[in-house]
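*Asks:* From the sequence below, what's the structure:
(chains A and B)
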Amino acid sequence: MPVATPEELAAAARRVRLRDLDVVSTAGMGHIGGEFSVTDILVTLYLGVIDQGAGPDRDHVVLSKGHAAVALYATLAEAGLLPDADLDTFANPDSPLNGHPARTKLHAVEASTGPLGHGLPIGVGMAIAAELEGASRRTFVIVGDGELQEGSNWEAMMIAAHRNLDRLVLVVDRNGLQQGAPVADTSDLEPLADKFRAFGWAVAEVDGHDHRALREVLSSTPWEAGRPSAVIARTHKGHPVSFMSDNPGWHHRVPNADEVRLAREEIAAT
Amino acid sequence: MTALHDCRDAFAATLVELAEADDRVVAVVNDSVGSSKLGGFQERFPERLINVGIAEQAMVGVAAGLAAGGRLPFVSAASCFLTARAMEQIKVDIAYSKHHVVLCGQSPGVAYGELGPTHHSPEDLAWLRAIPGLEIIVPADPSETSAAVKWAAQHDGPVFVRISRTGVPDLYAEGLPFHPGRAHVLREGNDVAIVALGTAVTRALAAADALAQQGVAARVVAMSSLVPLDGEALLDAARSTAGVVTVEEAYTCGLGGAVAEFLAERLPARMRMVGLQGFAPTGSVEHIHEISGVTAAGISAACLDIVGAIP
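*Replies:* Numbers count the residues shown, from 1 in each chain, chains lettered A, B, ... in the order given. Just a heads-up that it's a prediction; the model follows:
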């Protein structure tokens, strides 16, 4: 697949968000706030960064914040890894598109996630497997920022640094909000970049809605030989919809018909 | 006197053998090289011994990632920490994800005697059997341990193998193939049936010998796997005898509960369940077995209770 330009990535992200709105409002469930904050990261990775070939160098992507499932499914469809029509089955009893992604039901899903703090240890295992195989593939793990409150992430960070897993990349969807409140008011993460550095990781901070910047920072990993890379992607929950953006009320609220119409207009205008 | 063996030796030797034949095999440990007897493996395959440190949740997640990346991981850690600390990873990353990962719970039950209830795992069987799709193998001697580990390497799915350090004699011929869900009837008898798991099998045989002296013919069914159970063997025991006594080095919600559930719906039988109870006091393995009745005498008493209870 040819690498998409920032403009193409922006257009794809727009389509993914519009599809996400459809799917969530039809199903009557979803996590639209965190889906919209992570959309640009997913779209950039799948369409602009990863090797999607069939060989041993095909990169891994693990969406640890599995509640953003619809954003993943819509991105997979955009990347040609899932028939678009399947999106309409989301959360139906027989659908492979579960409320949280299941690797046993959907080939393109690389790890079953949902409970938080699972993706990074799995990514560490994938990265060790690649190293044992002598393959050059990279492993990208996307976590939510609230998710970093789970201790298993910090176990995994120590292991990754100790083993010099420089083909492992962690992307933090740093939207600043967890389910019920700001992360900073719950159990604060700052100084997050310093924490990563202290754990032996190389760190970059980036605007998580800027496709050009995201593509550049993700494509250029590893930045330091022997160190895993952490990308702190500054995002907004619910972006770019004005009444959803940075509003914890939209963690898993389902938009009504009027809200869908307004949101569609705002997304289309981006 | 019969020589007693530590099943970890058979486990460790078999893992080296498997690793020599299949370069996908890796060991994943939580600073548990010594307690898993994997020093030889580490020496032979240093790059394939992945020691994550004292981090059980990450250990099980890492194993899932290794499996996703084409490796065949054997996670080896004290059963108390592996199962309790990493339960959600076992449920989601391994079982729900259907990864071919072999979880080796070392020194389970009260094998850590004096170290106390923090290091005991009488709960592991009950916890794990609630997780769908996870096969639970409990070998009774070194040869069965080796066969079970070899079987687990071939079985494309999640497996838990409970491996004890408590000394056991040889029960089976070397090289006997392992079949999950297939029990071994080690003593024939139609008065009462003893269904035993793992290290308890040896004590069940001793109980059967003692009962024979009293004219009671006890059948001994060695249940090699808790999941799947050998349903046929259980139905036959319930049909042919006055009742079933289960024995395990675990809380009775492990094997006892599983057998009771199975028979209650199909062929209700008189049952007694012999197993560990409560948080054990600090003491030797033998002492804890003694006060819990997980002994030949305790099993015999349960059998006599059943035989005497025939109306």
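
*Asks:* Report the contact partners of the closest residue to residue A:24 other than its chain neighbours.
*Replies:* Of all residues not flanking residue A:24 in the chain, residue A:30 sits nearest, at 3.3 Å (CB to CB, 6 or more residues apart in numbering or on different chains). Bear in mind the C-beta positions are built from the backbone N, C-alpha and C, glycine included. Shown in contact with residue A:30 (CB atoms under 8 Å, 6 or more residues apart in numbering or on different chains): A:20, A:23, A:24, A:69, A:70, A:90, A:252, A:254.

*Asks:* next structured bit after the helix or strand in which the first one is found?
*Replies:* Secondary structure assigned from DSSP states H and E places residue A:20 in helix A:6-27. Sequence-wise, the next helix or strand downstream of helix A:6-27 (DSSP H and E) is helix A:32-44.

*Asks:* Near the residue in the stretch 151-300 of chain B that chain A sits nearest to, how many other residues are there?
*Replies:* Closest to chain A within the stretch 151-300 of chain B is residue B:157: 11.0 Å, counting by CB to the nearest CB. Neighbourhood size, residue B:157 [other CB atoms under 10 Å in any protein chain shown]: 15.

*Asks:* just the one 4 residues further on next, same as before
*Replies:* Burial of residue B:161 is recorded as 24 neighbouring residues (other CB under 10 Å).

*Asks:* That one looks like it's in a strand, true?
*Replies:* Yes: according to DSSP: H, G, I helix; E, B strand; the rest coil, residue B:161 belongs to a strand.

*Asks:* beta partners for it?
*Replies:* Counting by DSSP bridges, residue B:161 is bridged to residue B:104, residue B:137.

*Asks:* on that earlier part again, check the contacts of residue A:30 against chain B and report the nearest one.
*Replies:* For these, the nearest to chain B is residue A:69 (14.4 Å; CB to the nearest CB).

*Asks:* how deep is the closest one tucked in, by neighbour count?
*Replies:* 27.

*Asks:* Equivalent analysis for the one 4 residues further on, please.
*Replies:* Residues within reach of residue A:73, counting by other CB under 10 Å, total 30.

*Asks:* related to what we said a few turns ago, mind checking the SS state of the residue of the stretch 151-300 of chain B closest to chain A?
*Replies:* coil.

*Asks:* Just want to check the distance between it and residue B:48.
*Replies:* 22 Å (CB to CB, to the nearest Å).

*Asks:* In the chain, where is pLDDT below threshold?
*Replies:* No chain was given, so I picked chain A. Scanning chain A with the threshold set as pLDDT under 70 gives A:1-2.

*Asks:* nope, chain B
*Replies:* The low-confidence ranges in chain B, as defined by pLDDT under 70, are B:1, B:309-311.

*Asks:* Around chain A, pick out the residues from it.
*Replies:* B:26, B:47-48, B:50, B:52-53, B:55, B:57-71, B:73, B:88-89, B:92-93, B:96-98 (CB under 8 Å from any CB of the partner chain).

*Asks:* Leaving out sequence neighbours, find the closest residue to the residue nearest the centre of chain B.
*Replies:* With distances taken as CA atoms, centre = their mean, the residue of chain B nearest its centroid is residue B:138 (2.5 Å). Among residues not flanking residue B:138 along the chain, residue B:198 sits closest, at 3.9 Å (CB to CB, 6+ apart).

*Asks:* Assumed the one you found was part of a helix.
*Replies:* No: counting by three-state DSSP, residue B:198 falls outside a helix, being coil.

*Asks:* In contact with it: list those residues for me.
*Replies:* B:138, B:139, B:140, B:162, B:164, B:248, B:249.

*Asks:* Just the buried residues of the residues you listed.
*Replies:* Using 16 or more other CB atoms under 10 Å in any protein chain shown as the burial test, the contacts of residue B:198 include B:138, B:139, B:140, B:162, B:164, B:248, B:249 as buried.

*Asks:* With secondary structure added, can I get these in JSON lines?
*Replies:* Putting those into JSON lines (three-state DSSP) gives the following:
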{"residue": "B:138", "secondary structure": "coil"}
{"residue": "B:139", "secondary structure": "coil"}
{"residue": "B:140", "secondary structure": "coil"}
{"residue": "B:162", "secondary structure": "strand"}
{"residue": "B:164", "secondary structure": "coil"}
{"residue": "B:248", "secondary structure": "strand"}
{"residue": "B:249", "secondary structure": "strand"}
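
*Asks:* Name the nearest of those relative to residue A:42.
*Replies:* Nearest to residue A:42 among these: residue B:162, at 41.0 Å, using CB to CB.

*Asks:* what residues are up against that closest one?
*Replies:* B:79, B:105, B:108, B:124, B:125, B:136, B:137, B:138, B:139, B:198 are the contacts of residue B:162 under CB under 8 Å, 6+ apart.

*Asks:* any idea how far residue B:90 is from it?
*Replies:* 13 Å.

*Asks:* Which pair of the contacts of residue B:162 spans the longest distance?
*Replies:* B:124 and B:139 (14.6 Å).

*Asks:* Which positions in chain A make contact with chain B?
*Replies:* So far as CB under 8 Å from any CB goes, chain A lies against chain B at A:60, A:102-104, A:110-115, A:117-118, A:120-130, A:132-133, A:139, A:151-152, A:155-156, A:158-159, A:162.

*Asks:* Give me the buried entries from those.
*Replies:* A:60, A:102-103, A:110-115, A:117-118, A:120-130, A:132-133, A:139, A:152, A:155-156, A:158-159.

*Asks:* mind checking the SS state of residue A:238?
*Replies:* coil.

*Asks:* Spatially nearest residue to it, not counting backbone neighbours?
*Replies:* residue A:244 (2.8 Å).

*Asks:* again with residue B:235
*Replies:* Computed as CB to CB, 6+ apart, the closest residue to residue B:235 that is not its neighbour in sequence is residue B:267, at 5.6 Å.

*Asks:* Contact partners for the one you found?
*Replies:* Counted by CB under 8 Å, 6+ apart, residue B:267 has contacts B:235, B:238, B:239.

*Asks:* Kindly report the same for residue B:132.
*Replies:* Taking CB under 8 Å, 6+ apart as the test, what residue B:132 contacts is B:95, B:96.

*Asks:* tell me the secondary structure for it?
*Replies:* Per three-state DSSP, residue B:132 ends up coil.

*Asks:* What distance do you get for residue B:17 to residue B:5?
*Replies:* Separation of residue B:17 from residue B:5 (CB to CB) stands at 17 Å.

*Asks:* In terms of neighbours, single out the busier of the two.
*Replies:* Higher neighbour count among residue B:17 and residue B:5: residue B:5, with 18 against 15, using other CB under 10 Å.

*Asks:* before we move on, the earlier item: so which of the contacts of residue B:267 is the most crowded?
*Replies:* With neighbours set by other CB under 10 Å, the maximum within the contacts of residue B:267 is found at residue B:238, which has 21 neighbours.

*Asks:* With adjacent residues omitted, what lies nearest to that residue?
*Replies:* Residue B:238 sits nearest to residue B:269 (CB to CB, 6+ apart), 3.9 Å away.
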